[in-house]
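In: All I have is the shape, not the residue letters:
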């Protein structure tokens, strides 16, 4: 019997040792998920894999650009989410970068977190990248989830070169630097065969198209991709010659512009 | 009774007229769908919204990079798909661009079609863009569907600048043009704050990291994003100083590289 107890003790110690080894080889490193949201008034299930919606429903700590729209998005992911049990940290254009480390505090306690932007994929053309950069520095896992990106969808549908392309964000506002920027884009299209992608404040969409028509060569091609994934999605590629005579009104609809030759 | 027949005839003509008017204001323009496929051995439902899988199940005419893998993908979308009723047109690196118009023939008969690439989003870094360009020229609708893009997912998870970035495809193979290209990337990172994204033939992954370490400044940051969406996904951002001393083996895994400072 004493022998049996000794054997039991040895087995218990082996089990403990195995447990330790397994914990060492696979410690729980918290994950920062990058959670896309719809671009327009679409249901999350129309633009995101179910797996991403499932992640959205399990996370308790969010870094968001806007609390109100993040709450609305989560409610649309599942009616069963108890929003009041969730914590939201605001990371927007007014945030002091020095404050980002504090936002990741739940991860030091082993919790997973998610970054949610205002529309589309977080950390692309929004302040979320600051949280990702900090999480990378601190050695956390970063897991980008799949969802709608107006930049990528517009590029796919433009028919332009996808082997090499550049996204420039907003064009400069000041006239001279703006023209210089357009000339530089023209050079990169001709010399590097690089598709040029950029955006504009929506109410200036129509004015921008007219400006491109009188600044750039008429045989250069412009793709105007408007209300992507929305009810009135329209993605049209034509030479500037065509655009200069066309009837269009992109009003205040979010629109993305691509140039190629 | 004769009066009644006359009324019926008038009503019938009104109905015909209405039908014509409705057809004119909303003619059926065929759509070219851009249908992403998983990047790794993942189930389609893990990386694509159900809506995209539903589209995949209804299309009868496909433009594909490889017939065998396209059939396998469609079978994974739904077991009920009758593959033998589908038509596949091959558009790969060996296709003569002049043949692309013929591939779109089903659209002239009013059928929708879909472009499917070998992995990820079609028409980005693959020959599918030729079919999209032609469809745009012919005035068809182009509808990009949502799915995994290694370029976009890597950018999101890198923590680098997403306000302006460039994808360069493969680096040049020849030593001098390769070094020139890396120097140009370094300049664009420093002057334009533009994140630089590129790929390499997988078996050269490890060699490329070593090359970046001895060509570029040690405080420049490199993000190595490997097996994205796969079982062994790893996305790590560190200074080149760290990479030059690190143990890594990216073997032959598809990997994407990003530089920023």
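Out: Here it is on my side, so go on. What you are looking at is a predicted structure, and each value in this text was computed from that prediction instead of being measured.
In: Is chain B within reach of stretch A:78-90?
Out: No - Stretch A:78-90 stays clear of chain B (CB under 8 Å from any CB of the partner chain), getting no nearer than 15.4 Å. Bear in mind the C-beta positions are built from the backbone N, C-alpha and C, glycine included.
In: what does that stretch contact?
Out: Stretch A:78-90 is contacted from outside by A:53, A:56-57, A:59-67, A:70-71, A:74-75, A:103, A:106, using CB atoms under 8 Å, 6 or more residues apart in numbering or on different chains.
In: Buried ones among those residues?
Out: Buried residues within these, counting neighbours by 16 or more other CB atoms under 10 Å in any protein chain shown: A:53, A:56, A:59, A:61-65, A:70-71, A:74, A:103, A:106.
In: any chance of those residues in JSON lines, with distance to residue B:85 and secondary structure too?
Out: Shown next, in JSON lines, are the buried ones among the contacts of stretch A:78-90 (distance: CB to CB, whole Å; DSSP: H, G, I helix; E, B strand; the rest coil):
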{"residue": "A:53", "distance to residue B:85": "32", "secondary structure": "helix"}
{"residue": "A:56", "distance to residue B:85": "37", "secondary structure": "helix"}
{"residue": "A:59", "distance to residue B:85": "43", "secondary structure": "coil"}
{"residue": "A:61", "distance to residue B:85": "49", "secondary structure": "strand"}
{"residue": "A:62", "distance to residue B:85": "46", "secondary structure": "strand"}
{"residue": "A:63", "distance to residue B:85": "48", "secondary structure": "strand"}
{"residue": "A:64", "distance to residue B:85": "47", "secondary structure": "strand"}
{"residue": "A:65", "distance to residue B:85": "46", "secondary structure": "coil"}
{"residue": "A:70", "distance to residue B:85": "45", "secondary structure": "helix"}
{"residue": "A:71", "distance to residue B:85": "46", "secondary structure": "helix"}
{"residue": "A:74", "distance to residue B:85": "42", "secondary structure": "helix"}
{"residue": "A:103", "distance to residue B:85": "53", "secondary structure": "helix"}
{"residue": "A:106", "distance to residue B:85": "52", "secondary structure": "helix"}
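In: Out of the residues you listed, which two sit at the greatest distance?
Out: A:53 and A:103 (23.4 Å; CB to CB).
In: Closest to residue A:184 out of the buried ones among the contacts of stretch A:78-90?
Out: Closest to residue A:184, out of all of the buried ones among the contacts of stretch A:78-90 and judged by CB to CB, is residue A:65, at 30.0 Å.
In: where's the closest residue to chain B within the stretch 1-150 of chain A, which helix or strand?
Out: Closest to chain B within the stretch 1-150 of chain A is residue A:133: 3.2 Å, counting by CB to the nearest CB. In the assignment (DSSP states H and E), residue A:133 maps to helix A:129-137.
In: What is the distance between the following helix or strand past that helix and the centre of its chain?
Out: Later in the chain than helix A:129-137, the nearest helix or strand by DSSP H and E is strand A:141-144. Here the centre of strand A:141-144 is set off from its chain's centre by 12 Å, with CA atoms, centre = their mean, to the nearest Å.
In: repeat for stretch A:160-171
Out: Put simply, stretch A:160-171 sits 16 Å off its chain's centre (CA atoms, centre = their mean).
In: what about that stretch and chain B, any contact?
Out: Yes - using CB under 8 Å from any CB, stretch A:160-171 reaches chain B at A:160-169.
In: Output the residues you listed in a markdown table, with neighbour count and distance to residue B:229 appended to each entry.
Out: Below are those laid out as a markdown table (neighbours: other CB atoms under 10 Å in any protein chain shown; distance: CB to CB, whole Å):
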| residue | neighbour count | distance to residue B:229 |
| --- | --- | --- |
| A:160 | 29 | 25 |
| A:161 | 21 | 25 |
| A:162 | 25 | 19 |
| A:163 | 17 | 21 |
| A:164 | 18 | 23 |
| A:165 | 28 | 21 |
| A:166 | 24 | 25 |
| A:167 | 26 | 22 |
| A:168 | 21 | 28 |
| A:169 | 16 | 26 |
